[in-house]
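**Q** Got a predicted model here, sequence first, then my questions.
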Amino acid sequence: MSERVSERGDAPWRANGRRWTAVVMIVVVPALAGTLKEARADVTTECEFLEISAKVGDKPAIDPELSPVEKKLKKPPFSTWNQFKLLSHLQKPLAKKKAEPIPLKIGSATATLVEIVDKSKVRLTITMDDHKGKQVANNTATVEAGDYLIYVHGLPNNEGHLLSLTCK
Amino acid sequence: MSKPSTAKADLELMEHADGETEDAGIAARLERDPDARAKLESIQEIGELVRGHLELSADAAPDAKFAAMWRRIDDQLEAPATGLWSRVTRWFDRYRGHVITGAVSAGAVAALALILRPSVPDVGRYGAGGTVIDVRPVALRATPEIDALDTPGGTGTVINLDDDEDGHTTVIWVTPADTVEGI
């Protein structure tokens, strides 16, 4: 079978194929690469932080803003106290492997999303410092979305400093 | 003085100009007859003009016409295809450009769809308020795992609380060392 040849000695359909392949490489490949890069960069979770002070008083008292954890606070081991006051409330998205500062009324904290596990769990690293800047806890835990992690730091005079968090 | 040219002599000049004859008599005539030389030059110029025009016309012909011509020639040279596969391959040969264009267009559209869609994390799903992960029903949730715990200057106690309605609650209770010593 006879075939026309191009200047390079190729059949015309082969030269056309090369042109289209070049177009595909130029248009599609960078687009896919950019999309994948973007997807990797967007791993986040939204976490809610509640800073709570706890103490023993004459009458039980729980701030209305603490309703999400009220049931828990009425049970042991939190029933050591009967008065709970919300000190600060923060809702914060966490990006993967980026330590986010969590400003507290007493001391400070940081939260890092290490990774999302099995689409429903978050692996978090939480650090908590007291008012003097001394580290109280450095913890990495894997919890299901919707479950709670509550850090309790015992204070003098049988008071407690609590940091509750849950992520979705 | 030049000899009067005859029709035969002119024909010989034309043949000479086309390289069809190399008669020594014509060469001798050209040596001595300026009129014959002038005619030969005119014939050569006309020949160049005609060839140049034809080449330009050939260059101006659209590629598509040539492609169609070559296809027709190929079809005539080829044995007539009888099998289904042969017909399919012949159809593909004929519409190769269309198929490639379609494939590239589909790829470009898919790439645009990927670019323009809301960014999705490698795991989880995308909600109205941002990226969220799957919140499983309480009964299906796994027990929390403590991967690492460091409580400098104190004692850490981990308490897991289960609630059929609220799910798991993990309590990290840090008791300062001075409090422990005081007990």
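**A** Yes, it's here. Note that the structure is a prediction, hence the values are computed from the model and not measured.
**Q** Domain map for the chain?
**A** Here I'm looking at chain A. A:1-42, A:44-167 (automatic domain parsing).
**Q** Please refer instead to chain B.
**A** B:7-60, B:63-115, B:138-182.
**Q** sorry, back to before: which of the domains of chain A sits closest to B:Lys65?
**A** domain A:1-42 (12.3 Å; Cβ to Cβ). Every residue, glycine included, has its C-beta placed from N, CA and C.
**Q** and that closest one, average pLDDT?
**A** Domain A:1-42 comes out with an average pLDDT of 56.
**Q** same thing with stretch B:133-150?
**A** Averaged over stretch B:133-150, pLDDT sits at 92.
**Q** One more: stretch B:21-28?
**A** Stretch B:21-28 comes out at a mean pLDDT of 82.
**Q** Just the buried residues of the helix or strand where B:Leu56 lies, please?
**A** Using DSSP states H and E, the element containing B:Leu56 is helix B:34-60. Neighbour counts over helix B:34-60 (16 or more other Cβ atoms under 10 Å in any protein chain shown) mark B:36, B:39-40, B:43 as buried.
**Q** Any idea how far the following helix or strand past it is from the middle of the chain?
**A** Under the assignment DSSP H and E, the closest C-terminal helix or strand after helix B:34-60 is helix B:63-77. Remark: helix B:63-77 is offset 23 Å from the chain centroid, using Cα atoms, centre = their mean, to the nearest Å.
**Q** From A:Leu163, how far off is the spatially most central residue of chain A?
**A** By Cα atoms, centre = their mean, chain A has its centre lying nearest to A:Leu94, at 3.5 Å. Applying Cβ to Cβ, to the nearest Å, one obtains 15 Å for the distance of A:Leu94 from A:Leu163.
**Q** follow-up on the earlier one: would you confirm that the residue nearest to the centre of chain A contacts A:Val114?
**A** No: using Cβ atoms under 8 Å, A:Leu94 makes no contact with A:Val114, being 9.6 Å away.
**Q** Where do the strands of chain A begin and end?
**A** Residue ranges of the strands in chain A, as given by DSSP state E, are A:44-55, A:61-62, A:83-95, A:100-103, A:108-117, A:121-129, A:135-144, A:148-155, A:159-167.
**Q** So B:Asp23 is in contact with B:Leu11, correct?
**A** No: using Cβ under 8 Å, B:Asp23 is not in contact with B:Leu11, being 11.7 Å away.
**Q** circling back: can you list the buried residues of helix B:34-60 in TSV and add pLDDT?
**A** Supplementary listing: the buried residues of helix B:34-60 in TSV, determined by pLDDT from 0 to 100:
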residue	pLDDT
B:Ala36	86
B:Lys39	88
B:Leu40	87
B:Ile43	89
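**Q** and of those, the nearest to chain A?
**A** Closest approach to chain A among those (Cβ to the nearest Cβ): B:Ile43, at 34.2 Å.
**Q** Now the closest one: closest residue in space, sequence neighbours ignored.
**A** Spatially, and ignoring its direct neighbours in sequence, B:Ile43 is nearest to B:Ala17 (4.4 Å; Cβ to Cβ, 6 or more residues apart in numbering or on different chains).
**Q** re earlier: from the chain's centre, how far out does the helix holding B:Leu56 sit?
**A** Put simply, helix B:34-60 sits 44 Å off its chain's centre (Cα atoms, centre = their mean).
**Q** and the angle from it to helix B:63-77?
**A** If you take axes from the mean of the first three to the mean of the last three Cα atoms, to 10 degrees, helix B:34-60 sits at 90 degrees to helix B:63-77.
**Q** Does helix B:34-60 pack against any helices or strands, and if so which?
**A** Packed against helix B:34-60, as judged by 3 or more Cβ pairs under 8 Å, 6 or more residues apart in numbering or on different chains; DSSP states H and E, are the following elements: helix B:7-17, helix B:24-32.
**Q** elements contacting the last one?
**A** Think helix B:24-32. Judged by 3+ Cβ pairs under 8 Å, 6+ apart, the packing partners of helix B:24-32 are helix B:7-17, helix B:34-60.
**Q** Now that helix: buried residues?
**A** Neighbour counts over helix B:24-32 (16+ other Cβ under 10 Å) mark B:26, B:29 as buried.
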